[in-house]
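In: this one's sequence-less:
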C-alpha cells in the first residue's frame, strides 16, 4: 500500500503520461502541486519524443540490400 | 520470420520493408549523417539476413535487429572519437598540400544538398537536444519513446542491466528537459 502523501516516482510519472497511473496515485497527483508541475514537464518531453517522425532511406534501399544477401533456398542451397 | 528462415526471397524483402524506416531512423539520429546512416543500415540488414539461421526465436526479432544496428552506430561513434579531425590538418602534415588534404572541410558539407536535407530533418529543437545526449542515453531514449520498447526489451537489446536502462532513460529525459527549457527561456 502506497502512502497517499508520497510524491510520484519518475516511473509513475511516465505511467501517468501514458494514461496508466493507478487511481490511488492519481489522487496524490491531483492534490500535489509539486508533482503536477514535475509531471507536466515530463509529459511535454515524452510527447515531443513520441511524435518524432520516422525517416526513410533513399529509394532502392531494399534492392541494394538484397543484392548483397545470400538467400538460402528451402533445399539448403544458397543463391547470390 | 519462419518463412524467412526457410529461405524465401519475398520474406527477406518483407523484413527489409518492415524494418527499414525504424532501423534507418535510429541510425540517422545516432550518427546524424544520412549517407552514413544508410551505409550502417545496409550493413545491419546484410548481417541480419545472412545470419538469419542463427536467429533464436525466443528473442524478439526487433530486439535482435536493433541490437545489431545500435552496435554498428556505437562502433562508428567510437572510431570517430579516436580519429579526431583537425580544422588545421593532421599534425604530421608538412606541406600545404598535406595540410589541405587532411583538414576538415566544413564549407563543403554545409553547402551540399544532402546537408540541407539533414538540417531540415534534424534541425528541430528536440532533434538537436537528442544529439547532445551521450550515445548510450540516445539509444535508450529512442528505443523507449520512438520505438515503444519496454525497459526489459531495451535491457535485452542493449545487453544492459535493467536498472542501468532506467537510470539512462531518466537522466536522458532530464537532460532533454533542460535543453528544451533553456531554448524557451
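Out: It's in. No experiment lies behind these values; they were computed from the predicted model shown.
In: Does residue B:173 lie in a helix or a strand, and which?
Out: helix B:162-184 (DSSP states H and E).
In: what's the model's confidence in that helix, averaged?
Out: The pLDDT scores in helix B:162-184 average 91.
In: How about the residues of chain B by chain A?
Out: By CB under 8 Å from any CB of the partner chain, the residues of chain B that approach chain A are B:6-9, B:12-13, B:16-17, B:20-22, B:24-25, B:28, B:34, B:37-38, B:41-42, B:45-46, B:49-50, B:52-53, B:121, B:126-127, B:141, B:145-146, B:166, B:170, B:173, B:176-177, B:180-181. Bear in mind the C-beta positions are built from the backbone N, C-alpha and C, glycine included.
In: Please narrow the residues you listed to those residing in helices.
Out: B:6, B:9, B:12-13, B:16-17, B:20-22, B:24-25, B:28, B:34, B:37-38, B:41-42, B:45-46, B:49-50, B:121, B:126-127, B:141, B:145, B:166, B:170, B:173, B:176-177, B:180-181 (DSSP state H).
In: okay, the residue nearest the centre of chain B: pLDDT?
Out: Nearest residue to the geometric centre of chain B (CA atoms, centre = their mean): residue B:27, 2.6 Å. Listed pLDDT for residue B:27 reads 97.
In: Repeat that for residue B:39.
Out: Looking at residue B:39, its pLDDT is 97.
In: and if you look at residue B:115?
Out: Note on residue B:115: pLDDT of 84.
In: who's in contact with the helix or strand where it lies?
Out: Using DSSP H and E, residue B:115 falls within helix B:113-122. Outside helix B:113-122, the residues within contact range by CB atoms under 8 Å, 6 or more residues apart in numbering or on different chains are A:53, A:55, B:28-29, B:32-35, B:109, B:127-128, B:131.
In: How about stretch B:123-138?
Out: Stretch B:123-138 is contacted from outside by A:48-49, A:52, B:29-30, B:32, B:73-74, B:77, B:121-122, B:141-142, B:158, B:168-169, B:171-172, B:175-176, B:179-180, B:183, using CB under 8 Å, 6+ apart.
In: Buried members of those residues into PyMOL, please.
Out: Filtering the contacts of stretch B:123-138 down to the buried ones (16 or more other CB atoms under 10 Å in any protein chain shown) takes a single PyMOL command:
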select buried, (chain A and resi 48+49+52) or (chain B and resi 29+30+32+73+74+121+122+141+142+158+168+169+171+172+175+176+179+180)
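In: so what's the residue lying closest to residue A:61 once chain neighbours are set aside up against?
Out: Ranked by CB to CB, 6 or more residues apart in numbering or on different chains and with sequence neighbours excluded, the top spatial neighbour of residue A:61 is residue B:20, at 5.8 Å. Residue B:20 sits next to A:56-57, A:61-62, B:41, B:45 when contact means CB under 8 Å, 6+ apart.
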